[in-house]
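Asks: Pasting the sequence and the predicted model now:
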Amino acid sequence: MRKIYLTSLIVFIFSLFFRCNDFLDVDVPTTQYNSKLVFADKKTTNATLVNLYADIRDKGFLSGQMSGFAVSMGIYTDELDSYRVNDVETQNLYNNTLQVNSSIVLQLWSQTYYQIYMANAIIEGCEKSTGLTQQEKKEFIGEALFVRALLHFYLLNTFGDVPYIKTTDYEINKNVSRLEESIVYENIIEDLEESISKLPIQINSQRNRPNQLSAQALLARVELYRGNWQLAEQLASLLINNSSLQWQLDINQEFLKENKSIIWQLSPRQSGNATYEGATYYFASGPPVSIALRNELTQFEANDLRSQSWIRTVSNQTNTWKHTYKYKQRGNASATTENSVVFRLAEQFLIRAEARLKQGNIEGAVEDINKIRTRAGLPLLNSSLLTNEMILDAIVRERKHELFCEFGHRFFDLKRLNLIDQVLSSTKPNWKNYHQQWPIPEQELLKNSNFTQNSGYQ
C-alpha cells in the first residue's frame with residue numbers, strides 16, 4: 001500500500017512541475033497548498049530534485065539535445081556548421097539573424113525560468129516542511145540554491161541584464177525588471193556561498209548530485225569572469241588539490257562516468273541509456289543532415305590527442321566532414337558508460353592559468369597550461385620564451401580545443417575576453433557587435449512593461 005501511495009505521489013509531483021511553461025504562470029495559492037504534500041518527507045522531496053535535474057538534462061542550457069544550448073551556441077559561433085537549410089530558426093542562428101520572436105530564444109528563456117521556479121519551489125517547500133529533518137532541509141536547499149545560481153549565470157551571459165528570481169510568488173514575479181550585471185553576479189555569489197555552507201563535501205558515487213565542489217567550481221568560473229583573479233585562483237586550487245578529484249591522464253577516459261576528474265555530471269534517463277550528446281553530434285555518413293564541426297575549430301596542433309580522440313572524420317570519397325566525438329556511446333546498452341559532464345577538472349586548470357597570468361605569475365600560468373598540453377600529447381611551453389600576450393593566446397587556444405561544444409564555453413570566452421568581434425566577424429558574414437547578447441523574447445516584453453529590449457533588436 002505504501003509503495004502505491006509513493007508512486008502516486010511522485011506522479012502527482014511530476015504533473016505539478018510540468019503543468020506550466022513560464023515562471024509567471026504559477027499562482028501562489030496552488031503552489032502553497034501543494035507544497036505540503038510534495039515536501040512531506042525525504043523520498044518525495046528527493047523526487048522533486050531528481051525531476052528538476054531531468055528537466056535540466058532534457059531542456060535548456062545544459063541539454064545535449066539538438067535543441068539544447070550547446071548546439072545552438074555552437075551554430076551561433078564558430079564551432080558548428082548547420083546543414084538544416086530548410087529550418088528557418090536554425091538558419092537564423094547560423095547566420096546571426098536572430099529575431100525577437102524566435103521560438104529558440106523564447107523556449108530557452110521560458111524553460112530556464114521555469115527550472116528556476118522549480119528550484120525556488122523546492123527551497124520554499126523545504127523551509128516550510130514539517131516532515132524533513134534539519135539536515136535534510138539543509139542539503140536539499142543547498143542543491144536548489146546551486147541550481148538557481150547556475151541557471152542565472154547562463155541567462156546573464158547569454159541575454160545580459162536579467163531578473164534574478166528568488167520566489168514563486170506570482171505577484172512579485174509578474175513585475176520584475178532586469179538587473180544590472182553586477183547585481184546579478186552578487187546574487188549568484190550569495191546563492192553559491194550559501195549552497196557551499198549547506199552542501200556535503202563528499203562526492204556521491206555517480207557524481208550526479210551537486211556538492212560543495214560543484215558550487216566551488218561554478219564560483220571559480222564566476223570570479224574569473226568578474227576579474228577577481230586572486231579568488232578565482234584560490235577556488236580553482238581548492239578543487240585541483242582536493243583528494244576526491246584526480247587528474248585523468250588518459251584523454252580517452254575523460255568522459256567516462258567513472259572518471260574521477262569529473263566534478264558534476266547529469267545521468268541519462270535510465271541505466272543503459274546513452275547521453276544525448278552521443279547521438280546529437282554523431283553521423284555515420286556524409287553529407288551531414290544537421291550539424292558538423294567547422295573547419296576553424298578542427299585546426300589543432302599536429303599530434304594533438306584531442307583531435308584524434310574527440311573528433312571523428314566522415315568521408316563519402318569526395319568530401320570529408322568532422323563531428324564531435326567526446327561521447328562514444330550512442331545507443332542503449334546493458335550499462336551506461338558516459339554521463340553528460342557539466343564540470344570537470346580541466347576547466348579549473350585553465351581558470352587557474354588565466355588567473356595566475358593576470359596576477360603576474362607567469363611560471364604558474366604556464367605550468368597549468370602544460371598540464372593540459374601534456375595530456376593532449378603536445379610539447380611543453382617555455383615560460384621564458386613567451387610574452388603575456390602569447391600566454392593568453394595559448395590559454396584561449398587551449399580553452400577552444402579542450403572545451404569545444406560544451407555548454408557555450410566558446411561564446412562566453414570570446415565575449416569576456418573582448419575577442420568576439422575580431423574572431424566572429426571574419427567567419428560569420430552577418431556578425432555585429434550587438435549579437436553578443438541574444439534578444440529578450442518579444443513575448444516577455446509584452447507581458448511586462450518593466451522589461452527593455454537589448455540594443456540592436458528594437
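Replies: Okay, I see it.

Asks: ok, which stretches of this structure are strands?
Replies: 80-82, 262-266, 291-293, 311-315, 320-324, 340-344 (DSSP state E).

Asks: Among these, single out whichever gets nearest to Ser383.
Replies: Ser383 sits nearest to strand 340-344 of all those, at 25.1 Å, using CB to CB. (C-beta placed from N, C-alpha, C; glycine too.)

Asks: Distance-wise, check Gln443 relative to Pro268.
Replies: Going from Gln443 to Pro268 by CB to CB, to the nearest Å gives 32 Å.

Asks: between the two, who's got more neighbours?
Replies: A direct count of neighbours by other CB atoms under 10 Å for Gln443 and Pro268 places Pro268 higher, at 21 against 15.

Asks: Does the more buried one touch Thr336 like I think?
Replies: Yes. Counting by CB atoms under 8 Å, Pro268 touches Thr336, with 5.6 Å between them.

Asks: Tell me the residues that contact both of these two, please.
Replies: Jointly contacting Pro268 and Thr336 under the rule CB atoms under 8 Å, 6 or more residues apart in numbering are Ala274.

Asks: coming back round to it: export the strands of the chain as JSON lines, with columns for mean neighbour count, distance to Ser205 and mean pLDDT.
Replies: Converted to JSON lines, the strands of the chain look like this (neighbours: other CB atoms under 10 Å; distance: least, CB to CB, whole Å; pLDDT from 0 to 100):
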{"stretch": "strand 80-82", "mean neighbour count": "22", "distance to Ser205": "34", "mean pLDDT": "97"}
{"stretch": "strand 262-266", "mean neighbour count": "23", "distance to Ser205": "12", "mean pLDDT": "98"}
{"stretch": "strand 291-293", "mean neighbour count": "23", "distance to Ser205": "34", "mean pLDDT": "98"}
{"stretch": "strand 311-315", "mean neighbour count": "16", "distance to Ser205": "30", "mean pLDDT": "97"}
{"stretch": "strand 320-324", "mean neighbour count": "19", "distance to Ser205": "27", "mean pLDDT": "97"}
{"stretch": "strand 340-344", "mean neighbour count": "25", "distance to Ser205": "16", "mean pLDDT": "98"}
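
Asks: Kindly reformat the ones you listed as CSV containing distance to Asn332.
Replies: As requested, those are exported to CSV (distance: least, CB to CB, whole Å):
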stretch, distance to Asn332
strand 80-82, 26
strand 262-266, 17
strand 291-293, 23
strand 311-315, 20
strand 320-324, 20
strand 340-344, 16
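
Asks: Quick one: closest of those strands to Glu136.
Replies: Short answer: strand 262-266, nearest of those by CB to CB, at 20.5 Å.

Asks: so what strands line up beside the closest one?
Replies: Applying DSSP bridges, strand 262-266 is found paired with strand 340-344 (antiparallel).

Asks: what's next to the strand it pairs with, contact-wise?
Replies: Strand 340-344 has contacts (CB under 8 Å, 6+ apart) with 57, 62, 64, 214, 217-218, 254-255, 259, 261-266, 268, 275-277, 406-407.
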